[in-house]
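S.K.: have a look; sequence and predicted model below, questions after that.
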Amino acid sequence: MSNFWPGDAGMPSEEPVGEDATDEVTEFQEPEMGHAASVADWGAKPILDVRDLKMYFPVKSSGVIRRTIGHVQAVDGVSFQVPAGGSLGLVGESGCGKSTTGRLVTRLYEPTGGSIEFDGRDITTISARSLKPLRREIQMIFQDPYTSLNPRHSVGSIIGAPLAIHQVVPKDKILPRVQELLEIVGLNPEHYNRYPHEFSGGQRQRIGIARALTLQPKLLVADEPVSALDVSIQAQVINLLQDLQREFGIAFLFIAHDLAVVRHFCPEVAVMYLGKIVEIADRETLYNRPNHPYTQALLSAVPNVKQAAIGGRRERIQLEGDVPSPINPPSGCRFRTRCSLAQEICARVEPPLLQIGKRHKVACHFAGELGHHPDRPITASLLGVDDTGTPDPGASPATDLGNEPGYSDTWFDLERKTMAKA
Ligand SMILES: Nc1ncnc2c1ncn2[C@@H]1O[C@H](COP(=O)(O)OP(=O)(O)OP(=O)(O)O)[C@@H](O)[C@H]1O
Ligand code: SF4
Ligand SMILES: [Mg+2]
């Protein structure tokens, strides 16, 4: 690896310590990016293929004999792909299962169900011994640059530790490699013997990124890598990640709670709600023609995509209440307790994640662009139920509404109510 952006205008030289931690941001603004938005290579082979992934955490009773009395359904049947060298954004409110999904992909957790294929290998249940080489190939960047770095270790030992553990380079080559990595992430290579508290938040996040790069991973799971940073610093860090992706062909699963953050970086975005993907599409479709009421509400809160999302009107769609508990999620559609469009069928039947465009899937019985949601459920005939969700004995439900990752060549045309082909 070499330093590939000397003099990059987007890179900070010496941010004063704590600078980005003190500025208060009162309203979210989309970070102003110096780079062009990432473009998709739709023909790229997936490096990550996740099918029907589930993570149920047991809930134990108190007392001496701790029995399992329920489960937190943190991730419940999630399917997606990340193309090699590309990036998928994963977005949703707090508690919807984003970090759990990221930790499953990095195999920090053993999934309750489903499968994870990485670079053609099934890694769902691989042994601890096989996990060690995998750790080199999939790395994680954490949200909080203040707690994710050990304050007692120098930057040199934080970044150098993976090199020593994995014996990637001889001992005497570790320091030069650490310095090279510091330079790559835009930090002064002479600062390897400083401690995390001597750096600002943005600089610490660069240290976290350098640590994640140490083993030259193929996939980076970036769990809210900029949400703890000031807006002006967010743009610099996203530009840095974009540079790294272009230079080294690293694929990203980019997790954020805000649609504005992933828009620039991710040509494809999945929206999660209470452990499930409710809408997934290419960037243009998701931001300009969202079909799920939840995505529409999230988008209406983003200032500069608001108008497009709500058809030129400026009002914000208020999401009432909090995300319900994943221990006992609502029946049918999990969003129904907060959805202004909810009808009887929504409580009785779970909407399938239905492909409704070339690269667009949505899980809603009343999917449609804002102001154009249908009066009757689009899913009823496909599911073999009537408009209230009661099974229709004479119906022949579709059998191919599986929870497959990726997109099919055929999809359900909302206008014509029939299957369409590319
Ligand atoms: N180890 C665990 N044991 C039990 N429950 C857990 C565990 N980790 C997460 N959860 C629960 O799973 C749900 C999803 O959590 P997760 O951290 O994945 O959400 P998130 O989308 O990353 O939220 P945030 O935006 O706040 O980071 C939450 O209800 C959380 O309380
Ligand atoms: S299925 Fe029903 S409750 Fe769920 S998002 Fe659609 S309209 Fe709302
Ligand atoms: Mg999280």
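M.R.: Perfect, I can see it now. Ligands and ions are numbered 1, 2, ... in the order given.
S.K.: show me what contacts the residue of the stretch 101-250 of the chain found nearest ligand 2?
M.R.: The nearest approach of the stretch 101-250 of the chain to ligand 2 comes at residue 101, 20.4 Å away (C-beta to the nearest ligand atom). C-beta: built from backbone N, CA, C; applies to glycine. By C-beta atoms under 8 Å, 6 or more residues apart in numbering, the residues touching residue 101 are 50, 53, 55, 75, 78, 90, 253, 255, 272.
S.K.: what's the first helix or strand after the helix or strand containing it?
M.R.: According to DSSP states H and E, residue 101 maps onto helix 98-105. Downstream of helix 98-105, the next assigned helix or strand under DSSP H and E is strand 113-118.
S.K.: can you name the residues in contact with that next one?
M.R.: Contacts for strand 113-118 (C-beta under 8 Å, 6+ apart): 47-54, 77-79, 104-105, 107, 122-124, 134, 137-138, 219.
S.K.: and it, what's buried?
M.R.: 114-118 (16 or more other C-beta atoms under 10 Å).
S.K.: starting at the chain centroid, how far to the next helix or strand after that strand?
M.R.: Remark: after strand 113-118, the chain's next helix or strand is strand 121-122, criterion DSSP H and E. Between the centre of strand 121-122 and the centre of its chain there are 21 Å (C-alpha atoms, centre = their mean, to the nearest Å).
S.K.: likewise stretch 47-55?
M.R.: 13 Å.
S.K.: now check it, is it near ligand 1?
M.R.: No - on the criterion C-beta under 6 Å from any ligand atom, stretch 47-55 is out of touch with ligand 1, staying 7.8 Å away.
S.K.: let me see the contact set for residue 168.
M.R.: 136, 162, 214-215.
S.K.: switch to 7 Å and redo it
M.R.: residue 215 (C-beta atoms under 7 Å, 6 or more residues apart in numbering).
S.K.: what of residue 377?
M.R.: Residue 377 sits in contact with 345, 365-366, 387, where contact means C-beta under 7 Å, 6+ apart.
S.K.: and the pLDDT for it?
M.R.: On pLDDT, residue 377 comes in at 96.
S.K.: looking at this, residue 261 is in a helix?
M.R.: Yes - assessed by DSSP: H, G, I helix; E, B strand; the rest coil, residue 261 belongs to a helix.
S.K.: for it, give its distance to ligand 2.
M.R.: To ligand 2, residue 261 is 23 Å away according to C-beta to the nearest ligand atom, to the nearest Å.
S.K.: burial measure for the closest residue in space to residue 60 that isn't next to it in sequence, as a count.
M.R.: Nearest residue to residue 60 in three dimensions, chain neighbours excluded: residue 66, at 4.2 Å (C-beta to C-beta, 6 or more residues apart in numbering). If you count neighbours by other C-beta atoms under 10 Å, residue 66 ends up with 10.
S.K.: before we move on, what about residue 396?
M.R.: Residue 396: 8 neighbours (other C-beta under 10 Å).
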